[in-house]
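K.L.:
Need coordinates for the following:
(2 chains)
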2 protein chains.
Amino acid sequence: MTAQATLARFREYMVGPARFMNLLSCFELGLVDALRKQPGMTAAELGAAVGAKPDAVEQLLYLPVKEGFVVHDETSGTYSLGALADVADVDLQRVLAFMDKIKVTTLRQLYYLTDSVRTGTIVGLKELYGFEGDLYAAMGVHADLRDSWSRLMDSVTDRIDPWFFGNIDIPAGAQVLDLAGHTGLGAIHTHRFKGSPGLRVTTFDLPEKREDCLRNFRQHGVDGTSSFIGGDVFQGVPEGFDVVLIKHFLNMFDKDDVLRILNAVHASLEVGGQVHILVPIYAENIKESWSVDYYPSFFLGCATGQGGPQKLSTFRSWLEEAGFTVTGEMSQDPAELPPDALPLQGILSATKTG
Amino acid sequence: MTAQATLARFREYMVGPARFMNLLSCFELGLVDALRKQPGMTAAELGAAVGAKPDAVEQLLYLPVKEGFVVHDETSGTYSLGALADVADVDLQRVLAFMDKIKVTTLRQLYYLTDSVRTGTIVGLKELYGFEGDLYAAMGVHADLRDSWSRLMDSVTDRIDPWFFGNIDIPAGAQVLDLAGHTGLGAIHTHRFKGSPGLRVTTFDLPEKREDCLRNFRQHGVDGTSSFIGGDVFQGVPEGFDVVLIKHFLNMFDKDDVLRILNAVHASLEVGGQVHILVPIYAENIKESWSVDYYPSFFLGCATGQGGPQKLSTFRSWLEEAGFTVTGEMSQDPAELPPDALPLQGILSATKTG
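P.N.:
Take a look at the predicted model:
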């Protein structure tokens, strides 16, 4: 890579924030919807339609025109959808939900990334919200963070859980612990996708989740076969289970805490007990990873101030360090994900053999 | 452009903010300096050197490793500079000054872009600083904005003004008005680059700039040949000048106000009077413009809530609409700018012919 090529690449980085919000703002203002409803509008007509000055509409549409997302007819001075017209609505909604999540949980917070890394705390939440704690706790207090996150994650979980449960084995009638199982969705999905006579799933999470969790169990008709145990994984993991699920949790911690968790799970199991882990990962070949373009700064500067995805091979070595025998591992196939996908999920299964 | 290609392009947009701060944070933390001083450090050694946890160092270096900016030796677990080692320090400092300006004046403010466009005000400055007004006024109050901006703009002006004055004609002994001339730098440069017996330059700007301006004149030894007039361009332009300079000003306004300014300048001049405009522009072919990736959202969401660069042909048509005869126009040659350059500057010269 020549110095000239490096400098050109820097320019791509420099325009990143502005490009992001310019595009998103075209959707937020309703410019894209207006052009979908009525192609061939002028800047003046668009400005009147969305409540903005025509001059500002022209400025905001330069970039989508450059990209070919929108087409500008210089003779008539009108705009129409270009490449955007061909994107299916379901795809567009998925992208926009993710962009909104980036805007609300990430964009401003990133300003404080360096301080967050130095302190291991989310300085952005303190500065912007006066909140001390991580993003997941902040979502309990701040509706804007929670709403944006939920819109995205509900659809993500709906896509990921069938894949996860389709690729792990849960013996009939097993006693399953869903570690850090939040308000019970993992337990509900375990019954839906791996239901069997005698199967019992226990959600283990902080005590304050109990009521929401039990209500969810009742609403989904699994309250007879599900339980909730309140506790803190760093104080100990409940015993007496055949299978422990750890979904979207290990990536929130640095190695030392991941090992504390895995050691505690190992100690809680009898020989033959199993653990199944669902976790966002980086591709083994970092050059092919898209997750590394987003998740390091998201976790360090916006989510937890620590943790982040790891390569599947790293999580495997940590499982082995905790005494487990890894029995299976797999990654999503990037080729089967939509071209806009940022997260890549991995599954690791392991057994306590001694 | 297929829908798949559009979605892939969206992904580039989605990672823009995170990529930007991940890279900048590697510099801010001192990771790059540490590796320049001592190549081959582990994450633990780097963490100790910069005051961050090794886990966080690993996360932050994934992206530079993906890009080839930094090289990771998986066997030894050590990092060294890759492509970054070949970038000259002067180039790196220029890029970092611009990145800091983007971080401080743009990154957080962009969150409010849509509201800023709707209101024509910089909502981000209100929300983040409690400041009502534009960025240029906010810099008078908030040192963080001013410092970051000044570091960048001082070097920019040093590069641009020789090019501007090298491409305009100022008759010997002319009476020159520098419209919105701030605290006198344009006047000082006029003397430096276009000095002639009898040349007199008057800086015209808001009255509160008078003292700083006169002090600058004295410091540069041009107080005998320079003056300051306090006033507001929208209340009228002083008369009696042969040449009016309008540098980096028209881009701060929408068309209606640009025309008010140009009309006022036209009215202030005698027939034969000249105006020379220096202004950031978009390339005539938007597809080749890099300015459109940054400046629309910067001006609308972070600087003035209006305005922005225009194509040279647009500024020309506005000059003609104000009654001027355009006598010359030129653009910087993008091929002669550094590969990281975002702004593109244009010059327009015009005469009052009737």
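K.L.:
Get me the contact residues on the stretch 151-300 of chain A for chain B.
P.N.:
A:254-255, A:282, A:286-287, A:289-290, A:292-300 (Cβ under 8 Å from any Cβ of the partner chain). C-beta here means a position set from N, CA and C on the backbone, and glycine is covered the same way.
K.L.:
which one of those has the most neighbours?
P.N.:
Each of those was scored by neighbours using other Cβ atoms under 10 Å in any protein chain shown; the highest score is residue A:297's, at 31 neighbours.
K.L.:
Can you name the residues in contact with the host helix or strand of that one?
P.N.:
Secondary structure from DSSP states H and E places residue A:297 in helix A:295-298. With Cβ atoms under 8 Å, 6 or more residues apart in numbering or on different chains as the test, helix A:295-298 has contacts from A:105-106, A:110, A:113, A:280, A:282, A:308-309, A:342-343, B:18, B:21-22, B:25, B:59-60, B:62-63.
K.L.:
Quick check: residue A:320 is in a helix.
P.N.:
Yes - applying DSSP: H, G, I helix; E, B strand; the rest coil, one finds residue A:320 inside a helix.
K.L.:
Can you give me the neighbour number for it?
P.N.:
Residues lying near residue A:320 (other Cβ under 10 Å) number 13.
K.L.:
Kindly report the same for residue A:22.
P.N.:
Neighbour tally, residue A:22, other Cβ under 10 Å: 29.
K.L.:
Repeat that for residue A:284.
P.N.:
By other Cβ under 10 Å, neighbour count at residue A:284 equals 12.
K.L.:
contacting residues for it?
P.N.:
Under the contact definition (Cβ under 8 Å, 6+ apart), the residues listed for residue A:284 are A:311, A:312, A:313.
K.L.:
Paired strands for whatever helix or strand comes next after the helix holding residue A:297, with orientation please.
P.N.:
Counting by DSSP H and E, the next helix or strand C-terminal to helix A:295-298 is strand A:310-311. Partner strands for strand A:310-311, per DSSP bridges, with pairing direction: strand A:274-282 (parallel).
K.L.:
next one: the strand it pairs with to chain centre, how far?
P.N.:
The chain centroid and the centroid of strand A:274-282 are separated by 14 Å under Cα atoms, centre = their mean, to the nearest Å.
K.L.:
Where neighbours are concerned, which of the contacts of residue A:284 has the most?
P.N.:
Going by other Cβ under 10 Å, residue A:312 tops the contacts of residue A:284 with 20 neighbours.
K.L.:
Just give the closest residue to that one, not the sequence neighbours.
P.N.:
Spatial nearest neighbour of residue A:312, chain neighbours left out: residue A:346 (4.7 Å); criterion: Cβ to Cβ, 6 or more residues apart in numbering or on different chains.
K.L.:
Which pLDDT does the model give that neighbour?
P.N.:
You'll see residue A:346 listed with a pLDDT of 98.
K.L.:
Please report phi then psi for residue A:73.
P.N.:
phi -90, psi 110 (degrees, to the nearest 10).
K.L.:
bridging residues for it?
P.N.:
Applying DSSP bridges, one finds that residue A:73 bridges with residue A:78.
K.L.:
Count the neighbours of it for me.
P.N.:
11.
K.L.:
any idea how far residue A:52 is from it?
P.N.:
As defined by Cβ to Cβ, to the nearest Å, residue A:73 lies at a distance of 20 Å from residue A:52.
K.L.:
Just give me the closest of the residues of the stretch 151-300 of chain A next to chain B to residue A:34.
P.N.:
Nearest to residue A:34, judged by Cβ to Cβ, of these is residue A:294 at 30.0 Å.
K.L.:
Could you pull up the mean pLDDT of stretch A:300-309?
P.N.:
Here stretch A:300-309 scores 98 as its mean pLDDT.
K.L.:
Distance from it to the middle of the chain?
P.N.:
12 Å.
K.L.:
and that stretch, C-alpha only, in CSV?
P.N.:
Output of stretch A:300-309 as CSV, limited to C-alpha atoms (Å, rounded to 0.1, in the frame of the first residue of the first chain):
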residue,chain,number,x,y,z
LEU,A,300,-15.5,-0.1,23.9
GLY,A,301,-17.1,3.3,23.4
CYS,A,302,-20.9,2.8,23.5
ALA,A,303,-21.9,-0.5,25.0
THR,A,304,-19.8,-2.0,27.8
GLY,A,305,-16.4,-0.3,27.8
GLN,A,306,-14.9,-3.7,27.4
GLY,A,307,-15.4,-7.0,25.6
GLY,A,308,-16.4,-7.3,22.0
PRO,A,309,-16.5,-10.1,19.5
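K.L.:
Show me what residue A:245 is bridged to.
P.N.:
Residue A:245 forms beta bridges with residue A:178, residue A:276, as assigned by DSSP bridges.
K.L.:
how near is residue A:171 to residue A:242?
P.N.:
7 Å.
K.L.:
nope, residue A:80 is what I was after
P.N.:
Applying Cβ to Cβ, the value for residue A:80 to residue A:242 is 60 Å.
K.L.:
Could you list the buried residues of the helix or strand harbouring residue A:116?
P.N.:
Using DSSP H and E, residue A:116 falls within helix A:113-119. For helix A:113-119, the neighbour count (16 or more other Cβ atoms under 10 Å in any protein chain shown) marks A:113, A:114, A:115, A:116, A:117, A:118 as buried.
K.L.:
Was I right to think the first one contacts residue A:299?
P.N.:
If I follow you right, that is residue A:113. No - counting by Cβ atoms under 8 Å, residue A:113 does not reach residue A:299; the two are 10.7 Å apart.
K.L.:
And the pLDDT at residue A:155?
P.N.:
According to the model, residue A:155 scores 73 on pLDDT.
K.L.:
where does it land in three-state SS?
P.N.:
Relying on three-state DSSP, one would call residue A:155 helix.
K.L.:
By proximity to chain B, which residue of the stretch 1-150 of chain A wins?
P.N.:
Nearest residue of the stretch 1-150 of chain A to chain B, counting by Cβ to the nearest Cβ: residue A:16, 2.7 Å away.
K.L.:
List the contacts of that residue.
P.N.:
B:15, B:16, B:17, B:18, B:19, B:20.
K.L.:
how many other residues sit next to residue A:330?
P.N.:
Residue A:330: 14 surrounding residues under other Cβ under 10 Å.
K.L.:
tell me which element the nearest residue to it once chain neighbours are set aside falls in.
P.N.:
For residue A:330, ignoring the flanking residues on the chain, the nearest one in space by Cβ to Cβ, 6+ apart is residue A:347 at 5.2 Å. Residue A:347 belongs to strand A:345-352 when assigned by DSSP H and E.
K.L.:
now for that strand, which elements pack on it?
P.N.:
helix A:143-166, strand A:274-282, helix A:312-321, strand A:324-331 (3 or more Cβ pairs under 8 Å, 6 or more residues apart in numbering or on different chains; DSSP states H and E).
K.L.:
Understood, closing this out.
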